[in-house]
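**Student:** Give the three-dimensional model of this entry:
(chains A and B)
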Amino acid sequence: GQQVMQIPQYQHVQEGEDFTTYCNSSTTLSNIQWYKQRPGGHPVFLIQLVKSGEVKKQKRLTFQFGEAKKNSSLHITATQTTDVGTYFCAENRDDKIIFGKGTRLHILP
Amino acid sequence: DTGVSQDPRHKITKRGQNVTFRCDPISEHNRLYWYRQTLGQGPEFLTYFQNEAQLEKSRLLSDRFSAERPKGSFSTLEIQRTEQGDSAMYLCASSRQGGYTFGSGTRLTVV
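**Tutor:** Prediction:
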């Protein structure tokens, strides 16, 4: 099946800088989920967006679902060392989660 | 019950041997999923159960792989005649509605 595409694959930022990862699909998504995986850890569910144009915030994290429901973004304001990890977008399709390849975030002290 | 448990955490096996992994989901979750993750990739769907019924199997799941969930609670994933290409992290997840809860995974190394 069609996989959601994520960019960039890697991102290095200075601590305190902002970070954004983007998720794109050629087809309309029924929903988008975001997960965080720390190095050596397992994916942890962050949020699910369902509605066109939806925006949700969790402290320094802002999640957005595009108007056409073909793209999504995760923005982190003022990154901290605890934000290190890989961020995955995923679609809950046909009762299973289809993951993108993720964006690996590295924080420079 | 604080989450999804997987056992063992690590498994090193010789090529050609059989291995079995266990997953204990969150007790009130009726759906259980198996995923495989290799380095630098996102988790790839293998199979899932609703209660004891196996509802879907990915084409990634060759006939050397078999999964069971006999009583609708814990699940096992068996790999027969392991190959080096089977080396990966095997993740189990459970859900009831919405987001999934993943276990810590079993890291398999085939030597």
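**Student:** Confidence-wise, which helix or strand of chain A is lowest on average?
**Tutor:** Taking mean pLDDT, DSSP states H and E as the measure, chain A has strand A:96-99 as its least confident helix or strand, at a mean of 90.
**Student:** just checking, next helix/strand downstream of that strand?
**Tutor:** Next helix or strand after strand A:96-99 toward the C-terminus (DSSP states H and E): strand A:103-108.
**Student:** Pull out the buried residues from that next one.
**Tutor:** By neighbour count on 16 or more other Cβ atoms under 10 Å in any protein chain shown, the buried set for strand A:103-108 is A:103-105, A:107. Any C-beta I mention is one placed from the backbone N, CA and C, and that applies to glycine too.
**Student:** swap in stretch B:81-92?
**Tutor:** B:82, B:86-92.
**Student:** and chain A, which residues reach chain B?
**Tutor:** By the rule Cβ under 8 Å from any Cβ of the partner chain, the part of chain A lying against chain B is A:33, A:41-45, A:47-48, A:88, A:90, A:94-102.
**Student:** And the strands in chain A?
**Tutor:** For chain A, the strands defined by DSSP state E cover A:5-7, A:10-14, A:19-24, A:32-37, A:44-49, A:55-58, A:61-65, A:71-76, A:85-93, A:96-99, A:103-108.
**Student:** where does chain A have low pLDDT?
**Tutor:** A:1-2 (pLDDT under 70).
**Student:** Is residue B:85 in a helix, a strand, or coil?
**Tutor:** helix (DSSP: H, G, I helix; E, B strand; the rest coil).
**Student:** Would you mind listing what in chain B touches chain A?
**Tutor:** B:31, B:33, B:40-45, B:48, B:55-56, B:91, B:93, B:98-105.
**Student:** any idea how far the residue nearest to the spatial centre of chain B lies from residue B:96?
**Tutor:** Here the mean C-alpha position of chain B is nearest to the C-alpha of residue B:34 (Cα atoms, centre = their mean), at a distance of 3.7 Å. Residue B:34 sits 17 Å away from residue B:96, going by Cβ to Cβ, to the nearest Å.
**Student:** State the number of residues packed around residue A:34.
**Tutor:** Neighbourhood size, residue A:34 [other Cβ atoms under 10 Å in any protein chain shown]: 26.
**Student:** try residue B:42
**Tutor:** 23.
**Student:** One more: the one 3 residues further on?
**Tutor:** Using other Cβ under 10 Å, residue B:45 is surrounded by 22 other residues.
**Student:** Stretch B:87-106: which residues count as buried?
**Tutor:** B:87-95, B:99-106.
**Student:** circling back to that earlier point, pairing partners for the least confident helix or strand of chain A, with directions?
**Tutor:** strand A:85-93 (antiparallel) (DSSP bridges).
**Student:** Keeping just the C-alphas, turn the strand it pairs with into PDB.
**Tutor:** This file holds the C-alpha atoms of strand A:85-93, laid out as PDB (Å, rounded to 0.1, in the frame of the first residue of the first chain):
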ATOM      1  CA  GLY A  85      14.600  10.800  18.700                       C
ATOM      2  CA  THR A  86      12.800   9.800  15.600                       C
ATOM      3  CA  TYR A  87       9.400  11.300  14.800                       C
ATOM      4  CA  PHE A  88       7.100   9.100  12.700                       C
ATOM      5  CA  CYS A  89       3.800  10.100  11.000                       C
ATOM      6  CA  ALA A  90       1.500   7.200  10.300                       C
ATOM      7  CA  GLU A  91      -2.000   6.600   9.000                       C
ATOM      8  CA  ASN A  92      -4.500   4.300  10.600                       C
ATOM      9  CA  ARG A  93      -5.700   2.600   7.500                       C
END
